[in-house]
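S.K.: any chance you can model this:
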Amino acid sequence: MSKRFLAGSGLLLGLLGVLLVRAGNPGNMGVCVACFVRDIAGGLGLHRAAAVQYLRPEVSGFILGSFLIALFAREFRVRGGSSPLPRFFIGFAVMLGALIFLGCPLRMLLRLAAGDLNALIGLFGFVAGIGAGVFFLKRGFSLGRAYPQSAGNGLFVPSVAMALVLLVLIAPAFIFFSDSGPGSFRAPFIISLAAGLLAGIVVQRSRLCQVGCFRDLLLVGDPHLLYGSLAVLVGAFSLNLLFGYVNVGFAGQPVAHTAALWNFVGLTIVGLGATLLGGCPLRQTVLAGEGDTDAGLAFLGMLAGAAFAHNFGLAASPAGVPPAGQVAAVLSVLFLLGVGFTFSGSQVSIPARGGIVSER
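M.R.: Model prediction:
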């Protein structure tokens, strides 16, 4: 993929992130996979935190956009079987880390582009986590090879995405919608879905990945994917300036806290876990749409992690990180390190399908 197309994709994603805020999404949260999956978990009643409940159409758009463009480009290839249970629980841990920081890697960039310096601390943690993941990759880390599967397996996640779209439109009594808090801030349905579809298409085609850019740079000295992430920053910062959204500092940032240690640790977890998975939360979501059932398991793990975090009081808030969340963060680091050592060995790792597979 050309640098120009990759940069253009990142620029578009950055612009969409700010335009969705302008249209009604929470501040510095025009696009955030972790936050939106958390809201979906609440909308389905998997947790009862009333402030974060809404079946965000953007996530369905990521999946369906990827699905449709993969079909069109003949890249819808159903594969899986690469350590599905570990992937589920790594996705679970990644979500816990994201909810400690209050955002996924993409939201980290959007927060940084609006002047939130807490995100800069998170960025250092993110790179540290990826560095730890690269350490394991160099030791031969692999969750195993993915194998071709029947086409029906690849339709499950897109079908779930379509069902979520229908549930938003029908709004049955068993679906929850926030009346206050971040979940109540939402762009109009059609704008949210269209933006999600567009993002899903461009990320599928460009292979844009916030984890991949630093992983490839540290692992093989390849800065190619970094152009996409830098373009996200440029696009978002430009519109933030235009709309007057830039507020440089630590305090008073939307849906953020100033606990520096936990901002660092939260994104360290995300960086390490996503490196082991082979892609950031957005990349996993897009891969699930194009037929990767292993990425689908990671996505479901993130959904379960979001529900667990809010049901047991682990998630951070603008007031900070609760003690239970701090314990969960430490346990998540230990778990991911355990996975890293357990699945490392005398294997030859090669990049593939946006992730890492191995051959004996």
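
S.K.: average pLDDT for stretch 272-291?
M.R.: Throughout stretch 272-291, pLDDT has a mean value of 98.

S.K.: kindly report the same for stretch 334-346.
M.R.: Averaging pLDDT along stretch 334-346 yields 93.

S.K.: contacts for the strand or helix carrying Ala161, please.
M.R.: According to DSSP states H and E, Ala161 maps onto helix 156-170. Helix 156-170 is contacted by residues 40, 43, 55, 57, 59-60, 63-64, 67, 175, 189, 193, 288-289, 293, 296, 299 when judged by C-beta atoms under 8 Å, 6 or more residues apart in numbering. Heads up, the C-betas are built off the backbone N, CA and C, glycines and all.

S.K.: where does the stretch 201-350 of the chain have low pLDDT?
M.R.: Per-residue confidence for the stretch 201-350 of the chain (pLDDT under 70) gives these ranges: 346-350.

S.K.: now do the strands in it.
M.R.: Assigned by DSSP state E, counting those that start in this stretch, the stretch 201-350 of the chain shows strands spanning 348-352.

S.K.: for it, what spans make up the helices?
M.R.: For the stretch 201-350 of the chain, the helices defined by DSSP state H, counting those that start in this stretch occupy 210-220, 226-243, 260-277, 281-289, 293-311, 323-342.

S.K.: any chance you could list what contacts the first one?
M.R.: Read it as helix 210-220. The contact list for helix 210-220 (C-beta under 8 Å, 6+ apart) reads 105-106, 108-109, 126-127, 130-131, 133-134, 137-138, 222-226, 228-229, 271, 274-275, 279-280, 282-283, 351, 354.

S.K.: going by neighbour count, which of those residues are buried?
M.R.: The neighbour count (16 or more other C-beta atoms under 10 Å) marks 105-106, 108-109, 126-127, 130-131, 133-134, 137, 224-226, 228-229, 271, 274-275, 279-280, 282-283, 351, 354 as buried among the contacts of helix 210-220.

S.K.: pLDDT of the helix holding Ala161, averaged?
M.R.: Mean predicted confidence for helix 156-170 is 98.

S.K.: that helix vs helix 293-311, what angle?
M.R.: Helix 156-170 and helix 293-311 meet at an angle of 50 degrees, taking axes from the mean of the first three to the mean of the last three C-alpha atoms, to 10 degrees as the criterion.

S.K.: quick one: low-confidence ranges for the stretch 1-150 of the chain?
M.R.: For the stretch 1-150 of the chain, the stretches with pLDDT under 70 are 1.
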